[in-house]
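Engineer: based on what follows, work out the 3D shape:
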Amino acid sequence: MKDSFDSPNLAASNALATDPWEAAYLRFETPQQEIEKFIARLQKLGASALPRDAEIVELFCGRGNGLHALQQLGFTRLQGVDLSPSLVAQYQGPAKCAVADCRQLPFADRTKDVLIVQGGLHHLPALPEDLDRTFSEMQRVLRKDGRVLFVEPWLTPFLKFVHAISENALARRLSNRIDALATMIEHEKRTYEQWLSQPDLILKLARTHFTPLHEFFAWGKWNFVGKPR
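Structural biologist: Prediction:
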């Protein structure tokens, strides 16, 4: 980890590494690989067309690799929110990060241009209540011409295939990446399966709060761009 953004607070990193899910996450991909993935993903969602001075908040920002991706794309007014103090402590960059609950965002009404979630909604403990609260808060803080960008797991044929591979003991022994993914799934099984089992509910809630502008399902992901209703 040579770059400055790959040198997290060691105490926080060591504490997180004792958690099986976090330890597996750290094995799954390097910070640089994740940043490159986020850059490609954001470009597919049309981020390149957004004003570079847009006020952008990444929710469930974790260690902040999504914020680094946005910075590398040229965005200058960035904020992050995550519920974990240990994860937020690992971020080193120009964005302003806050430890807060996305079900009760620490922002005034109609003050943000873009809200981004990359793989955080499926960790919410209770559906539909927590998802409805999160969407309501996002709708509240977005300006009328604002945008939301979501990328979340979705039970496409590809994801079903990935699940089958990750459940294979030989595949896990041969691939550290597959074993890491399988471990993460095991340790978030309740919320992960809760999310994947209720696609109609999730889409209904999303459309209640946001008008879809661009949406597609590919490679085990739901990709959604919308504006507040």
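Engineer: only C-alpha atoms for contact and neighbour calcs from this point on.
Structural biologist: OK.
Engineer: for the protein, which spans come out with low pLDDT?
Structural biologist: The model of the chain has pLDDT under 70 over residues 1-18.
Engineer: hmm, what's the outermost residue in it?
Structural biologist: Computed with C-alpha atoms, centre = their mean, the maximum C-alpha offset from the centroid of the chain is found at Leu170, amounting to 29.7 Å.
Engineer: isn't Val88 right up against Ala100?
Structural biologist: No - proximity of Val88 to Ala100 does not meet the contact threshold set by C-alpha atoms under 8 Å, at 10.1 Å.
Engineer: and the residue farthest from the centre of the chain, what helix or strand is that in?
Structural biologist: Using DSSP states H and E, Leu170 falls within helix 169-174.
Engineer: what of Tyr192?
Structural biologist: Taking DSSP H and E as the definition, one finds Tyr192 inside helix 189-196.
Engineer: who touches the helix or strand that that helix is followed by?
Structural biologist: Past helix 189-196, further along toward the C-terminus, the next helix or strand under DSSP H and E is helix 199-209. Under the contact criterion C-alpha atoms under 8 Å, 6 or more residues apart in numbering, helix 199-209 has outside partners Pro128, Leu131, Asp132, Phe135, Ser136, Gln139, Trp154, Trp195, Pro228, Arg229.
Engineer: looking at those, which are in strands?
Structural biologist: For the contacts of helix 199-209, membership in strands holds for Pro228, with DSSP state E as the criterion.
Engineer: going through the contacts of helix 199-209, which ones are buried?
Structural biologist: Buried residues within the contacts of helix 199-209, defined by neighbour count using 16 or more other C-alpha atoms under 10 Å: Leu131, Asp132, Phe135, Ser136, Gln139, Trp154, Trp195, Pro228.
Engineer: overlap in contacts, Val88 and Ala100.
Structural biologist: For the pair Val88 and Ala100, residues contacting each of them under the criterion C-alpha under 8 Å, 6+ apart are Asp82.
Engineer: which of those two has more residues huddled nearby?
Structural biologist: Counting neighbours by other C-alpha atoms under 10 Å for Val88 and for Ala100 shows that Val88 has the greater number, 23 against 17.
Engineer: find the residue at the geometric middle of the protein.
Structural biologist: By C-alpha atoms, centre = their mean, the mean C-alpha position of the chain lies nearest to Gln118, the distance being 2.2 Å.
Engineer: residues near Phe161, how many?
Structural biologist: Taking other C-alpha under 10 Å as the definition, Phe161 ends up with a neighbour count of 12.
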